[in-house]
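Undergrad: Predicted model and sequence follow; I will ask about them next.
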Amino acid sequence: MIGYFDYTVVLTYLSLLSATTGIIVSLSGSGHPYLGMFFLLFCGLCDAFDGKVARTKKSRTEMEKNFGIQIDSLSDLVAFGVLPACIGAAMIRISPTLFPICSNNFGNWYCIVIRFTAYAILVLYVLAALIRLAYFNVTEEERQKKEKNKVRKSYTGLPVTSSSLIFPAVMLLQFIIPIDITIVYFIVVIITGVSFLLKFEIKKPELKGILLMILVGAIEFILLIILKIHLHH
């Protein structure tokens, strides 16, 4: 079999499986975009540790290292690019206010323009994530040639993995404020996508920063569950 299947790539594979499941759940007839957020949060948890786990194996060959870099970015594109876009598409489907006059009149020019704009935003967001990840791969390859085994200290542009905390936080607004937040979600999609491509430096979080982000993600996860249960009651 081609590829690698040891413990160094397990978290990356789990992230991709979680992302794919989240996409299916969000877009299926019986699914819901809020459920997709739980899978997005799990992807973020996997990403927080996949690099650290991989580096514990000191005997990795150059091919194993390069394979790890490639599958990490490919998985991130699906998890933090495609999944948030699919969640947005699912929100369009269930939104009670974004398309109030379109439910029985798909031919209306207003509906066509709004839907085209909304889907264009999602598609361009995925493109921005792709460009950001490809740029990271190229610069990381050059950096490793120069710095050998040194760990990266900063990122250029907003890392796509930040989506795992940003969008669940937006989704929490739906349970806190009594209005449909679909438009807010799309505004955040635009801001996040643009931030992927802006040329500014962000310090790479150390262990304390990673643990803090995991804590934030855990709080978001718990709040989503509590508020979802409360909403049903």
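TA: Cool, the structure landed.

Undergrad: Now do the phi/psi pair for the residue nearest the centre of the chain.
TA: For the chain, the residue nearest the mean C-alpha position is residue 80 (2.0 Å; Cα atoms, centre = their mean). The phi/psi pair for residue 80 (degrees, to the nearest 10) reads phi -110, psi 0.

Undergrad: show me what contacts it?
TA: Listed by Cβ atoms under 8 Å, 6 or more residues apart in numbering, the contact set of residue 80 reads 40, 43, 44, 47, 129, 160, 161, 162, 163, 164. Where C-beta positions appear, they are placed from N, C-alpha and C, glycine not excepted.

Undergrad: Show me where this protein dips below the pLDDT cut-off.
TA: Residues of the chain that meet the criterion pLDDT under 70 lie in 30-31, 96-109, 144, 147-152, 228-233.

Undergrad: Which stretches in it count as strands?
TA: 154-156, 201-203 (DSSP state E).

Undergrad: what's the first one packed up against?
TA: This means strand 154-156. Strand 154-156 sits against helix 109-147, strand 201-203, with contacts defined as 3 or more Cβ pairs under 8 Å, 6 or more residues apart in numbering; DSSP states H and E.

Undergrad: The last one - which strands sit beside it in the sheet, and in what orientation?
TA: Within its sheet, and counting by DSSP bridges, strand 201-203 is paired with strand 154-156 (antiparallel).

Undergrad: List the buried residues in the partner strand.
TA: Neighbour counts using 16 or more other Cβ atoms under 10 Å place residue 155 of strand 154-156 among the buried residues.

Undergrad: Likewise for stretch 171-186?
TA: For stretch 171-186, by 16+ other Cβ under 10 Å, it's 171, 172, 174, 175, 180, 181, 182, 185, 186.

Undergrad: May I ask which two of those residues are separated the most?
TA: Within those, 175 and 186 form the most distant pair, 18.4 Å apart (Cβ to Cβ).

Undergrad: ok, back up a step: could the helices and strands packed on strand 154-156 be laid out in a markdown table, adding distance to residue 223 and mean neighbour count?
TA: Below are the helices and strands packed on strand 154-156 laid out as a markdown table (distance: least, Cβ to Cβ, whole Å; neighbours: other Cβ atoms under 10 Å):
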| stretch | distance to residue 223 | mean neighbour count |
| --- | --- | --- |
| helix 109-147 | 24 | 15 |
| strand 201-203 | 26 | 11 |
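
Undergrad: Make a markdown table out of those and add distance to residue 93.
TA: As requested, these are exported to a markdown table (distance: least, Cβ to Cβ, whole Å):
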| stretch | distance to residue 93 |
| --- | --- |
| helix 109-147 | 11 |
| strand 201-203 | 34 |
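
Undergrad: quick one, what contacts the nearest residue to residue 132 once chain neighbours are set aside?
TA: In this structure, residue 132 finds its nearest non-sequential neighbour in residue 196, 3.9 Å apart by Cβ to Cβ, 6 or more residues apart in numbering. Residue 196 makes contact with 128, 129, 131, 132, 157, 158, 160 under the criterion Cβ under 8 Å, 6+ apart.

Undergrad: let's see 10 Å
TA: Neighbouring residues of residue 196 by Cβ atoms under 10 Å, 6 or more residues apart in numbering: 80-81, 125, 127-133, 135-136, 157-160, 162-163.

Undergrad: now do residue 127
TA: 81, 85, 193, 196, 197.
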